[in-house]
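> coords please:
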Amino acid sequence: MTDERDPALPRLWTYWRSTAAYRVRIALNLKGIDYESVPVDLVRDGGQQRAPDYLAVNPQGLIPALAIDGQVLTQSTAIIEYLEDAHPWPALLPARPLEKARVRAIAATIACDVHPLNNLRVLQYLSGPLGVTSEARQTWYENWIAAGFQALEARLCDDPATGKFCHGDQPGLADILLVAQMYNAHRFKCDVSAYPTLNRIEASCLALPAFDAARPENQPEAPS
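All right, here's what the predicted structure looks like:
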């Protein structure tokens, strides 16, 4: 059987409902970069990310990984930063250093303080080896979502730098991370009604084709 893949086309190892993979899909779409999606099911077969063929791609066994420009890149924020450097237009970060720092701080609140405590392998460890009940696991999840979202809402709601999106009126890095984390919060039935600014920004983002096409439910491998 011949391999009909375009070798020049970037390959994204992804899972339809992975928060981190969702981020990269949005960034690729915003940059207008076509790519081949390679599904890796994080649940089926005990987690296909643990299979030897995927560990050969990413020894950490995490999603996503992106093969682009002759290299395999891992870690969603590092991938997005690379895309920003290699494909600077449209920009995902402002040009001015202080504004750039603001956007990175908003993004880091999610990437460093919220998501690592609530991703799949942490939740599986809580309910598996630690024997935490489903109710206690949900309490854990909601606690860290609330801690992060309360801080983000306070930061964004009265800041004149906040516009239609997290920073001004063009979507960027902070919006990418926010939308993916909001999806995760909705998935776990967290009450996000106390965060009107976050909800408004999410709605503005999801109205854009680049965000809409990246939605988990719009991925080919998503259950119908």
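
> Hmm, residue 211 is touching residue 28, no?
No. With contacts counted by Cβ atoms under 8 Å, residue 211 stays clear of residue 28, the gap being 11.7 Å. (Glycine included, C-beta is placed from N, CA and C.)

> quick one: secondary structure of the residue nearest to residue 210 when sequence neighbours are not counted?
Excluding its sequence neighbours, the residue lying closest to residue 210 (Cβ to Cβ, 6 or more residues apart in numbering) is residue 29, at 3.7 Å. At residue 29, secondary structure determined by DSSP: H, G, I helix; E, B strand; the rest coil is helix.

> how long is stretch 90-109 end to end?
Stretch 90-109 has an end-to-end distance of 23 Å (Cα to Cα, to the nearest Å).

> contacting residues around it?
Outside stretch 90-109, the residues that touch it by Cβ atoms under 8 Å, 6 or more residues apart in numbering are 27, 30-31, 77, 80, 83-84, 148, 151-152, 155-156, 161, 166-168, 170-174, 176-178.

> are any of these buried, and which?
27, 30-31, 77, 80, 83-84, 148, 152, 155-156, 166-167, 171-174, 176-178 (16 or more other Cβ atoms under 10 Å).

> Check the gap between the nearest residue to residue 218 once chain neighbours are set aside and residue 25 for me.
Closest residue in space to residue 218, ignoring its immediate chain neighbours: residue 212 at 6.9 Å, by Cβ to Cβ, 6+ apart. To residue 25, residue 212 is 11 Å away according to Cβ to Cβ, to the nearest Å.

> Where does the prediction get shaky in the chain?
1-7 (pLDDT under 70).

> Mind jotting down where the strands sit in it?
Secondary structure of the chain, counting by DSSP state E: strands at 11-14, 36-39, 65-68, 71-74.

> of residue 212 and residue 25, who's got more company?
Neighbours per residue (other Cβ atoms under 10 Å) separate residue 212 from residue 25, with residue 25 holding more: 27 against 13.

> Check the gap between the more buried one and residue 219 for me.
If you go by Cβ to Cβ, the gap between residue 25 and residue 219 works out to 8 Å.

> can you pull the contacts of residue 167?
Contacts of residue 167 (Cβ under 8 Å, 6+ apart): 94, 99, 102, 103, 106, 161, 174.

> any shared contact partners between residue 25 and residue 219?
By Cβ under 8 Å, 6+ apart, residue 25 and residue 219 have these common neighbours: residue 14.
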